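Colleague: Turn this into a structure:
(2 chains)
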Amino acid sequence: MVRKNHLMMLNCKETAEMLSQGQDRPLTTVESLRVRLHLLLCRGCRGFSRQLDFMRAALRRYRDSD
Amino acid sequence: MLAEDAVQETLLAAVESAARFSGKSSLRTWLTGILKHKIIDQLRRTSREQPLATAGDERTEAEIIDGLFARDGHWHNFPGDWGNPDTAFENSRFWTALELCTQRLPPRTARVFMMREIMEMPNEEICQELNITATNCWVMLHRARLTLRECLDQQWFGKTT
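Modeller: Okay, the predicted model is just below:
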């Protein structure tokens, strides 16, 4: 679980969770800031973020192509 | 299986209601609309029939996710670059991999994921429909994405690098 009132950096596991939730609800300003700060410094999570968009695009394309 | 049944029911429903088709929307939009309702009907039915069948599935999924991160929360393996989506989308082998990977999701997770990504239902609706909390829903969706990501990485992207 993501610790909401924690001032330290999010780690990758927490960032991944936030990125995923970002696909299902608007993140709060603070959440979004913390995620962006982490992404700035982390190539792995930037990759994961792009993969989330990739999967969503693929599933929509799959659905609409049948 | 689920999709095939839904398509069959859609065709039946389409024939039955052909008389009511006003021609205002395109045939495709009209059929898609019916199909979506059929799939939702089926999801409802399935969720009633096997509501608690998945403790084992969930344990496996939790293990998969724990396996992805070190104890300090760092990725064991950084998610790599999947390249341009359009390149993958042009290759039929990609779609085979996607199909295989979605079918491998545990049934309960697959249902929530499908409602969200295929039906584009808002979280609140999914929670209401399946009688689960918002947090539970987010956790399941997150697990589904991580699991699907792992599978695609192996089934498709692993082979291309």
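
Colleague: What is the burial count for residue A:50?
Modeller: Residues lying near residue A:50 (other Cβ atoms under 10 Å in any protein chain shown) number 16. To be clear about C-beta, it is placed using only N, CA and C from the backbone, and glycine gets the same treatment.

Colleague: Need the phi and psi values for it.
Modeller: phi -70, psi -40 (degrees, to the nearest 10).

Colleague: my guess is it meets residue B:82, correct?
Modeller: Yes - using Cβ atoms under 8 Å, residue A:50 is in contact with residue B:82, at 7.0 Å.

Colleague: The helix or strand that contains residue B:141 and chain A, are they touching?
Modeller: In this assignment (DSSP states H and E), residue B:141 forms part of helix B:134-152. Yes - contact between helix B:134-152 and chain A, assessed by Cβ under 8 Å from any Cβ of the partner chain, occurs at B:137, B:138, B:141, B:142, B:145, B:146, B:148, B:149, B:152.

Colleague: which helices and strands sit right next to that helix?
Modeller: Counting contacts by 3 or more Cβ pairs under 8 Å, 6 or more residues apart in numbering or on different chains; DSSP states H and E, helix B:134-152 packs against helix A:12-21, helix A:43-65, helix B:55-68, helix B:92-103, helix B:107-117, helix B:123-130.

Colleague: Would you mind extracting the C-alpha trace of stretch B:113-125 into CSV?
Modeller: Provided in CSV are the C-alpha atoms of stretch B:113-125 (Å, rounded to 0.1, in the frame of the first residue of the first chain):
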residue,chain,number,x,y,z
PHE,B,113,-9.9,-6.2,-16.0
MET,B,114,-12.2,-6.8,-18.9
MET,B,115,-14.9,-4.6,-17.4
ARG,B,116,-12.4,-1.8,-17.0
GLU,B,117,-10.4,-2.1,-20.3
ILE,B,118,-12.8,-3.6,-22.8
MET,B,119,-16.2,-2.2,-21.5
GLU,B,120,-14.5,1.0,-20.2
MET,B,121,-16.7,0.9,-17.1
PRO,B,122,-15.8,3.4,-14.4
ASN,B,123,-14.4,1.9,-11.2
GLU,B,124,-17.4,2.9,-9.2
GLU,B,125,-19.6,0.9,-11.5
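
Colleague: for the record, mean pLDDT for that stretch?
Modeller: Mean per-residue pLDDT for stretch B:113-125: 91.

Colleague: What of stretch B:76-85?
Modeller: 91.

Colleague: Where does pLDDT dip in the chain?
Modeller: By default, I'm working from chain A. A:1-8, A:66 (pLDDT under 70).

Colleague: nope, chain B please
Modeller: Chain B contains residues with pLDDT under 70 at B:1-4, B:6-7, B:10-61, B:159-161.

Colleague: Surely residue B:105 is within a strand?
Modeller: No - read with DSSP: H, G, I helix; E, B strand; the rest coil, residue B:105 is coil and lies in no strand.

Colleague: burial of it, as a residue count?
Modeller: Residue B:105, neighbours per other Cβ under 10 Å, totals 21.

Colleague: now do the same end-to-end measure for stretch B:78-95.
Modeller: Across stretch B:78-95, the terminal residues are separated by 24 Å (Cα to Cα, to the nearest Å).

Colleague: on that earlier part again, okay if I get the helices and strands packed on helix B:134-152 as a markdown table plus distance to residue A:33?
Modeller: Below are the helices and strands packed on helix B:134-152 laid out as a markdown table (distance: least, Cβ to Cβ, whole Å):
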| stretch | distance to residue A:33 |
| --- | --- |
| helix A:12-21 | 11 |
| helix A:43-65 | 15 |
| helix B:55-68 | 25 |
| helix B:92-103 | 33 |
| helix B:107-117 | 25 |
| helix B:123-130 | 22 |
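
Colleague: Thanks a lot, see you next time.
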